[in-house]
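K.L.:
Task: produce atomic coordinates for the following.
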Amino acid sequence: MFKLITILAFAITLSSCATNTTKTKEKDEDLSSALTGLFGEPKKVDEKKLEKFPLGSEKNPVRVAGPGGQRDYLSRLVCDNNEPVSAFERMGSAGMSPFGSIMDIYEVICDTNKGVVKHSVYLDMYHGDYDETRPAVGFIALKPNCWIPIKKAIEFREQKNFNAALEQIELHNQCDTSKERMSYYYHLGWTYAEMGEFIKAIDAYSEGLKTQPNYPFAYWRRGLAYEKFGKAVEAQADYKKAYEVGMEGNPEKFKEFLNQNPDIAKKLMPQ
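P.N.:
Here you go, the predicted structure:
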């Protein structure tokens with residue numbers, strides 16, 4: 001289980017949906033945990049009293065997990081012209097929140113037909129277990145978090161409930177509008193491989209690599225599928241490529257990953 005969690009955490013860090021938000025997710029979660037330890041657990045508040053104030057205001061800040069949670073939430077806001085926000089910028093700390101921790105204030109910009117509209121949104125980033133689904137005041141919607149179906153797919157896959165996992169992966173695909181499709185194809189291939197459908201797995205990884213050829217884990221997992229399918233030459237070529245790409249992208253992090261996973265390192269490291 002530890003290896004699976006390690007692989008997943010690093011995979012998400014390098015993954016596509018992989019904008020800057022997801023690439024820094026692991027670091028942000030570590031920071032959020034450290035800050036929570038510093039300030040303690042969030043103070044219990046009366047939710048009904050809290051909801052008397054607009055969401056995103058000083059007296060009812062948006063609860064998120066770490067700096068990455070702030071960026072993710074703000075990037076998913078939809079302006080009143082039905083368009084995503086144009087930009088947002090942290091303006092600084094804004095004092096103590098109702099939960100007993102420090103708030104941040106962001107200026108969020110909507111570029112509308114009536115001109116530029118600026119909103120102030122207060123956020124409290126010390127809530128790693130809270131998932132806000134509502135838009136802040138001044139916005140009409142909050143786009144869904146496309147990673148939630150992937151998390152569910154991983155749980156179903158671990159339970160060997162593969163049909164349910166595939167359904168969640170398709171939900172992620174419908175939600176994700178990024179140009180890189182690796183998150184979809186990677187988990188599709190992984191699930192097919194667990195089902196013993198190695199040709200389908202190889203095809204899925206190959207499609208993902210067309211959109212993100214610098215993702216080492218897709219080469220590694222495609223290599224595993226090739227090996228299971230009896231294609232030793234192709235498998236070794238993918239293991240070699242996985243190592244090369246990993247060392248080119250983030251060598252220190254990749255070395256750390258290999259050190260923590262000696263069985264994987266044995267396949268990927270040059271002989």
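
K.L.:
Thought Val108 was touching Val116, still the case?
P.N.:
No: using CB atoms under 8 Å, Val116 makes no contact with Val108, being 11.1 Å away. Quick note: C-beta positions are derived from backbone N, CA and C, even for glycine.

K.L.:
neighbour-wise, which of these two wins?
P.N.:
A direct count of neighbours by other CB atoms under 10 Å for Val116 and Val108 places Val108 higher, at 22 against 10.

K.L.:
can you give me the helices in the protein?
P.N.:
Assigned helices in the chain, in chain order: 2-14, 20-23, 25-39, 47-50, 66-75, 147-158, 162-175, 182-194, 198-211, 216-228, 232-249, 251-260, 262-268 (criterion: DSSP state H).

K.L.:
Let me have these in a markdown table, adding mean pLDDT, distance to Ile102 and mean neighbour count as columns.
P.N.:
Shown next, in a markdown table, are those (pLDDT from 0 to 100; distance: least, CB to CB, whole Å; neighbours: other CB atoms under 10 Å):
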| stretch | mean pLDDT | distance to Ile102 | mean neighbour count |
| --- | --- | --- | --- |
| helix 2-14 | 39 | 26 | 16 |
| helix 20-23 | 37 | 21 | 17 |
| helix 25-39 | 48 | 7 | 15 |
| helix 47-50 | 88 | 17 | 10 |
| helix 66-75 | 91 | 12 | 22 |
| helix 147-158 | 93 | 26 | 18 |
| helix 162-175 | 95 | 32 | 18 |
| helix 182-194 | 97 | 32 | 24 |
| helix 198-211 | 97 | 39 | 20 |
| helix 216-228 | 97 | 36 | 23 |
| helix 232-249 | 96 | 34 | 17 |
| helix 251-260 | 93 | 29 | 14 |
| helix 262-268 | 94 | 40 | 15 |
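
K.L.:
Figure out which of these is closest to Tyr130.
P.N.:
helix 66-75 (9.0 Å; CB to CB).

K.L.:
how deep is Ile102 tucked in, by neighbour count?
P.N.:
Residues near Ile102, counting by other CB under 10 Å, number 16.

K.L.:
how far away is the closest residue in space to it that isn't next to it in sequence from Ile150?
P.N.:
Using CB to CB, 6 or more residues apart in numbering and skipping the chain neighbours, the partner closest in space to Ile102 is Ser93 (5.5 Å). Here the distance between Ser93 and Ile150 works out to 32 Å (CB to CB, to the nearest Å).

K.L.:
coming back round to it: my read: the residue nearest to Ile102 touches Ser101, true?
P.N.:
No: using CB under 8 Å, Ser93 makes no contact with Ser101, being 10.6 Å away.

K.L.:
The two: who's more crowded?
P.N.:
The neighbour count for Ser93 versus Ser101, taken as other CB under 10 Å, is higher for Ser101 (21 against 10).
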